[in-house]
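Participant: A predicted structure for the sequence below; I have some questions about it.
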Amino acid sequence: MVKEANDVMTFDVSLIWDALDEVMDPEIPVVSMVEMGIVRDVKIENDAVIVSMTPTFAGCPALDVMRNAIVEKLHAIGIENVQVKTVLSPPWTSDWISEAARAKLKTFGLAPPPMHGGNIALYFDEPVACPYCNSTNTRVTNTFGPTLCRAIYFCRNCHQPFEQFKAL
């Protein structure tokens, strides 16, 4: 990870990304912040590793938790000077969630959001597939779940309540 060349510390960016991919989303512990598209960039400037992150919402209550987890992980692999920048423009979009994360969300019982390419209005009336039985015979029971980015649904086929990550 950390190499010494002529007394100057250098860092392997791909290994930094690998380490960051182990930092789990604090609200959805089956996916990493990299998989969720929250960690956007890694730069090395002088002796610092600068990580840019875009939260799912500008007022995300987990901002400090995410920032601290990133710093802690990089300290654990030997990087002392870590800076985490919160970037709000462009705003986070659910299109940034990786395919692997979408599959993990479904396995976790959280319906992944549809890909929308920036036109989320198309998906407000679309049926949501149940992550347990794949039925679209579902209904929304509450447009706000435990977080702003989720809604609560009920499957009429398997009678399971579930959450959907909203298309944002």
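Facilitator: Sure, I can see it.

Participant: Could you find the closest non-adjacent residue to the one residue sitting closest to the centre of the chain?
Facilitator: The centroid of the chain falls nearest to Met36 when counting by Cα atoms, centre = their mean (2.4 Å). Once flanking residues are discounted, Met36 sits nearest to Asp25: 5.3 Å by Cβ to Cβ, 6 or more residues apart in numbering. Just so you know, the C-beta spots here come from the backbone N, C-alpha and C atoms, and that holds for glycine as well.

Participant: How about Val71?
Facilitator: Nearest non-adjacent residue to Val71 (Cβ to Cβ, 6+ apart): Val82, at 4.8 Å.

Participant: Can you tell me who the one you found pairs with across the strands?
Facilitator: Counting by DSSP bridges, Val82 forms beta bridges with Val49.

Participant: and if you look at Ala111?
Facilitator: Here Ala111 sits in beta bridges with Gln164, going by DSSP bridges.

Participant: can I assume it is in contact with Gln164?
Facilitator: Yes. If you go by Cβ atoms under 8 Å, Ala111 and Gln164 touch, sitting 3.9 Å apart.
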